[in-house]
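I'll drop the sequence and a predicted model, then ask my questions.
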Amino acid sequence: MEKRAEIIVVGAGHAGVEAALACARTGHDTVLFTIQLDAVGNMPCNPSIGGTGKGHLVYEIDALGGEMGRGADAVTLQSRTLNAGRGFAVHSRRIQADRAAYRHYMKGVLERTPRLRLVQSMVVEVLTEEREGMRHVTGVKTHLGEVWHCDAVIICAGTFLNATVFVGDNAHEAGPDGMLPAKGLTEQLASLGISLRRFKTGTPARVHRRSVDLSRLEEQQGDVPAVPFSADTDPVAFAAREQLPCYIVYTNPKTHKVILDNIGRSALYSGKIHGTGPRYCPSIEDKLVRFADKERHQLFVEPCGKDTEELYLQGFSTSLPTDVQEEMIHSLHGFERAEIMRYAYAIEYDCVDPTELLPTLEFKRVRGLYGAGQFNGTSGYEEAAAQGLVAGINAHLACIKEEPLILPRSSSYIGTLIDDLVTKGTNEPYRMMTSRCEWRLLLRQDNADLRLTEIGHRVGLVTEERYARFLRRREQTEEEVRRLEATTVHPTEEVNALLLSLGTSPIQVGVRMADLLRRPEVSYGALAPVDPDRPTLSPRVALTAEITIKYDGYIKREEQEVERRARLEDLRLPDGIDYLGIRGLRIEAAQKLHAMRPATVGQASRISGVSPADIGVLLIYLGRE
């Protein structure tokens, strides 16, 4: 049986959901294939969204018109701002999500989206044909023998490709949460000349709430978020929502002894696992080996949902056998009688070398074929969703023959993520962190919409109604900055009493409100009693206005540096350039450039093995040409 669609998305995890919605919402007949219809938007590991650097991605996804932010806000069990004691640039929001509710939410959104078909079937082959010296996508074939013709395919296979689950000595073919693995696609992609690799990740056990003495654990309450993830979420109603507590427990010498006495039975240390695991989210046995001097490790006990008694043990991922898992969990204070509902496991899977991709996330070797998510070598739901959204947008733009969307590093964390992947590659599951971004002060959570909503509107993902609200917010922010710069505060008794209470010196002459706000001890909210003309503003507008004034000098300095570097980013490299024939380029640089085929001089400068001297030679060559 043969069928037809414009765009086909393979896999309905976080990347696939965003990719399919982006394609359908921009007007394309889209089919989203999934191995298990009830696992759409599944969270097989930690039921949370956001975190350090990852929270920035969620705000940016929302600004571009993606769905993750709305979904996260709708199912929030607890909200916290990480790095709150540090500068605004690294503040990162993280929410504990209701796992089942998130799946239900995303499945409902997909089912209600016009032009989008959701199909339970396994894609085993991508069909291509040779045209003008390049392979082009023509469709896919499923395990049931169906052939679907299409113009573009986006692979969002997650951790399913040839997946193997490990629990101690037991190894069996399976995807996350005991689902079927995806078979056949790896070999077919390899036959197209695409380079693949093997990565590994894992998840901890889940225990029954009633079997844990929570009174012996350290309780962790949420905080009231100033700004929800999505601009479509009512901030007042969101802040009033009841939050569930999480808990903290620590490993102890008994826990460590159990693990180290049995470490040879771990699939990770017995030689059964060959894939590379995530550096920043190691298993507990890996932590004990790598950080042998630490006397204890912090674990977070988190609810999986409102309507389930499952508790998630964040930080306790392992591939040890079930009997050892029982013993190590029972060694924790308050867990002496804990009942394990799901055992921990490690999972090994195939993924692609992301340097095979263009900055659009299209494969260099196959036109019309895109990759997104853990299939591209990343870890995390947020990284996956961000890539899925960009791949979907670019599949849409290719179908209507418009210029692709390439987000520069200076525009967003999403741009940084994709540039890191396609330019530098990764030898382990890539995780976004604020430290990876050189423009942190410009790319904050609070101004994601100011940076990206114009783009989302232009490609057709931000509605006219929402765009009008965005324009009003931008106008309000600019007006408030101007008002604060123009408003003078005089040295009254009330003003100086307030300043002294804030731990800063009183004023002797009139001072602009903006200059007071630039003092480290003073916040926008604290100045309200001496600012009678202050307009009523949303938390989002007030926060951005405050940061804009407080860090004005630093922001301008970063903007100047971005502008300087933009000259290299805008300088495109011809497709057919012969790097091996450029005199003066070192052999290593010429070989790397020949293999990577960077799109711009800026991208070339970030390739490992290409020095500033090599870039100088390249600029001289381009000048001659």
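That came through, no problem. Numbering: from 1, shown residues only.

element containing the closest residue to Ser215 other than its chain neighbours?
Distance criterion CB to CB, 6 or more residues apart in numbering; nearest residue to Ser215, sequence neighbours excluded, is Gly334 at 7.7 Å. In this view, the C-beta of every residue, glycine as well, is placed from N, C-alpha and C. Using DSSP states H and E, Gly334 sits within no helix or strand.

who are the neighbours in contact with Gly334?
Residues near Gly334 by CB atoms under 8 Å, 6 or more residues apart in numbering: 212-217, 249.

of all those, which two lie farthest apart?
Among these, the pair separated by the greatest distance (CB to CB) is Ser215 and Val249, at 12.0 Å.

which secondary structure elements does the longest helix that the chain contains contact?
If you go by DSSP state H, the chain has its longest helix at helix 464-486. Counting by 3 or more CB pairs under 8 Å, 6 or more residues apart in numbering; DSSP states H and E, the packing neighbours recorded for helix 464-486 are helix 448-459, strand 511-512, helix 513-517, helix 539-550.

With mean pLDDT, mean neighbour count and distance to Ile284 as added columns, please give those in JSON lines.
Shown next, in JSON lines, are the helices and strands packed on helix 464-486 (pLDDT from 0 to 100; neighbours: other CB atoms under 10 Å; distance: least, CB to CB, whole Å):
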{"stretch": "helix 448-459", "mean pLDDT": "97", "mean neighbour count": "20", "distance to Ile284": "34"}
{"stretch": "strand 511-512", "mean pLDDT": "96", "mean neighbour count": "16", "distance to Ile284": "54"}
{"stretch": "helix 513-517", "mean pLDDT": "96", "mean neighbour count": "21", "distance to Ile284": "45"}
{"stretch": "helix 539-550", "mean pLDDT": "94", "mean neighbour count": "22", "distance to Ile284": "38"}
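
Which among these is found nearest to Ile615?
Ile615 lies closest, by CB to CB, to one member of the helices and strands packed on helix 464-486: helix 448-459, at 27.3 Å.

Could I get the CA-only coordinates of the closest one as PDB?
What follows is helix 448-459, C-alpha atoms only, in PDB (Å, rounded to 0.1, in the frame of the first residue of the first chain):
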ATOM      1  CA  ALA A 448      13.900  35.100  24.900                       C
ATOM      2  CA  ASP A 449      10.700  36.500  23.300                       C
ATOM      3  CA  LEU A 450      12.500  39.800  22.400                       C
ATOM      4  CA  ARG A 451      15.200  37.800  20.600                       C
ATOM      5  CA  LEU A 452      13.100  35.200  18.800                       C
ATOM      6  CA  THR A 453       9.400  36.000  18.600                       C
ATOM      7  CA  GLU A 454       9.900  38.000  15.400                       C
ATOM      8  CA  ILE A 455      11.300  34.900  13.800                       C
ATOM      9  CA  GLY A 456       8.500  32.700  15.100                       C
ATOM     10  CA  HIS A 457       6.000  35.100  13.600                       C
ATOM     11  CA  ARG A 458       7.800  35.300  10.300                       C
ATOM     12  CA  VAL A 459       7.800  31.500   9.800                       C
END
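
i'd like the first residue to be 47 from this point on
Sounds good: first residue 47 from here, last item helix 494-505.

Give me the contact list for that helix.
Residues outside helix 494-505 that contact it (CB under 8 Å, 6+ apart) are 72, 102, 105-106, 108-111, 277, 439, 442-443, 451, 453, 457-458, 489, 508, 512-513, 516, 519-520, 523, 586, 590.

That helix vs helix 510-532, what angle?
150 degrees (axes from the mean of the first three to the mean of the last three CA atoms, to 10 degrees).

Helices along the stretch 97-246 of the chain, start to end?
Listed in chain order, the helices of the stretch 97-246 of the chain (DSSP state H, counting those that start in this stretch) span 100-110, 114-120, 145-158, 231-237.

how far does stretch 408-428 stretch from start to finish?
By CA to CA, to the nearest Å, the extent of stretch 408-428 from end to end equals 20 Å.

Just the CA coordinates for stretch 96-111, please, in PDB.
Presented in PDB, the C-alpha positions along stretch 96-111 are these (Å, rounded to 0.1, in the frame of the first residue of the first chain):
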ATOM      1  CA  GLY A  96      14.300  22.900  32.400                       C
ATOM      2  CA  GLY A  97      17.400  23.300  34.600                       C
ATOM      3  CA  THR A  98      20.700  25.000  34.100                       C
ATOM      4  CA  GLY A  99      20.900  26.200  30.500                       C
ATOM      5  CA  LYS A 100      17.900  23.900  29.700                       C
ATOM      6  CA  GLY A 101      15.400  26.400  31.000                       C
ATOM      7  CA  HIS A 102      16.800  29.000  28.500                       C
ATOM      8  CA  LEU A 103      16.000  26.500  25.800                       C
ATOM      9  CA  VAL A 104      12.400  26.100  26.900                       C
ATOM     10  CA  TYR A 105      11.800  29.900  26.900                       C
ATOM     11  CA  GLU A 106      13.400  30.100  23.400                       C
ATOM     12  CA  ILE A 107      11.200  27.200  22.100                       C
ATOM     13  CA  ASP A 108       8.200  29.100  23.300                       C
ATOM     14  CA  ALA A 109       9.400  32.300  21.800                       C
ATOM     15  CA  LEU A 110       9.700  30.600  18.400                       C
ATOM     16  CA  GLY A 111       6.200  29.200  18.700                       C
END
